[in-house]
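In: Using only what follows, build the 3D model:
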Amino acid sequence: MTRSKPPALDLALADSVGKLGYTISPTQLERWRTQRWLRRPADWTDPATGEIRDEIVHRAAWLAHASTSGRSISWIGWTYWAIDDTPETATRLRAAVADALERPRR
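Out: Numbers count the residues shown, from 1 in each chain. Below is the predicted model of the structure:
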């Protein structure tokens, strides 16, 4: 199945993260948004300037760093769920922590 062309904002974020030395794909951005590790694109830009906010670029760079082969993104993802503190991210965080605490007893 062919994917549709990525939105311009996704490409702009990938370019900004690339300037920090990381390579990310629109597919990764979509995955991170689905996991709620990255906010929705409507929240990425500064209303006054229209530029992608630095905190979004740095968050995507950290996610890219954590996504390298042999690494687990879970802890940094948990951190972003806690920072964002929405009902959905709080639910995801509680479930992930409970699962991690239960894992040794299985």
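In: What separation do you get for A12 and P104?
Out: 43 Å (CB to CB, to the nearest Å). Every residue, glycine included, has its C-beta placed from N, CA and C.
In: These two: which is more packed in?
Out: A direct count of neighbours by other CB atoms under 10 Å for A12 and P104 places A12 higher, at 16 against 6.
In: quick one: what helix or strand has that one in it?
Out: For A12, the host element (DSSP states H and E) is helix 8-18.
In: buried ones in that helix?
Out: Within helix 8-18, the residues that qualify as buried are 10, 12-14, 16-17, counting by 16 or more other CB atoms under 10 Å.
In: Any chance of TSV for these, columns distance to I52 and pLDDT?
Out: As requested, the buried residues of helix 8-18 are exported to TSV (distance: CB to CB, whole Å; pLDDT from 0 to 100):
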residue	distance to I52	pLDDT
D10	10	94
A12	6	96
L13	6	96
A14	10	96
S16	6	96
V17	10	97
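In: Looking at these, which is nearest R39?
Out: Nearest to R39 among those: L13, at 11.0 Å, using CB to CB.
In: quick one on the thing from earlier: need the residues that contact the helix holding A12.
Out: Helix 8-18 has contacts (CB atoms under 8 Å, 6 or more residues apart in numbering) with 23-26, 29-30, 41, 44-45, 52, 56-57, 60-61, 64.
In: ok, the residue lying closest to I76 once chain neighbours are set aside - contacts?
Out: Closest residue in space to I76, ignoring its immediate chain neighbours: A66 at 4.6 Å, by CB to CB, 6 or more residues apart in numbering. Listed by CB under 8 Å, 6+ apart, the contact set of A66 reads 72-73, 75-77.
In: swap in I52?
Out: When contacts are taken as CB under 8 Å, 6+ apart, I52 is in contact with 9, 12-13, 16, 44-46.
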